[in-house]
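Visitor: can't give you the sequence, but here's the structure:
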């Protein structure tokens, strides 16, 4: 496994060159981070370069690094992670890119390179608000079209902002402010007098 990762790492470094911001080997996998302005070119190189041949985009997701590991983050907040597979060479790579702007996070769309990116990018847009420049049909995919906000952002309230219900009088579904009162539940611990041999 180590020799195979060595070969893949050498091929990545040769093909991507100074586009690589960081390259991390961990748990038998390689993660390459590239700058936002080089994301599309790096993805095209990963697909087309003869020594890499990543023909398949297996997964793409958004990440919110706000308070990552319960610590305030110094730097950009939103990230897009893409998992690529080379069937012909039998190896995988994880491609990461951080959105340059936290207020309006965006990166280029990969749908022209891999059609499988379509719904994954729509999901990242819907849940995190990350825009994908060049995506031909960027609209919500999991929440309804009237939904306000992006539910996987760490600053989105757990209960949401609105709830919907069927109104029998108007005979339609209506939206209203959330009626659930936020509360913190702390379990009560009850121990028997001689629990664990303690007196």
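Guide: In hand now; what should we look at? Please read all numbers here as calculations on a predicted model, not as lab measurements.
Visitor: quick one: contacts of whichever helix in the chain runs longest?
Guide: Among all segments of the chain classified by DSSP state H, the helix with the greatest residue count is helix 2-16. Contacts of helix 2-16 with the rest of the structure, by CB atoms under 8 Å, 6 or more residues apart in numbering, involve 20, 23, 25, 28, 30, 32, 34, 42, 45-46, 49, 51-52, 91, 93. Yep, even glycine has a C-beta here, placed from its N, CA and C like the rest.
Visitor: of those - the most surrounded one?
Guide: Using other CB atoms under 10 Å as the neighbour test, the contacts of helix 2-16 are led by residue 46, with 25 neighbours.
Visitor: secondary structure element holding it?
Guide: Taking DSSP states H and E as the criterion, the element that holds residue 46 is helix 39-48.
Visitor: buried ones in that helix?
Guide: If you call a residue buried by 16 or more other CB atoms under 10 Å, then helix 39-48 has these buried ones: 39-40, 42-43, 45-47.
Visitor: and the spatially most central residue of the chain, backbone torsions?
Guide: Compute the mean C-alpha point of the chain, and by CA atoms, centre = their mean the closest residue is residue 62, 1.8 Å away. For residue 62, the backbone dihedrals (degrees, to the nearest 10) come out as phi -100, psi 160.
Visitor: partners of it in the sheet?
Guide: residue 80 (DSSP bridges).
Visitor: direction included, what does the host helix or strand of residue 173 pair up with?
Guide: Mapping residue 173 onto the secondary structure by DSSP H and E places it in strand 172-177. According to DSSP bridges, strand 172-177 has the following sheet partners: strand 162-167 (antiparallel).
Visitor: show residues contacting the partner strand.
Guide: The contact list for strand 162-167, computed with CB under 8 Å, 6+ apart, reads 148, 172-180.
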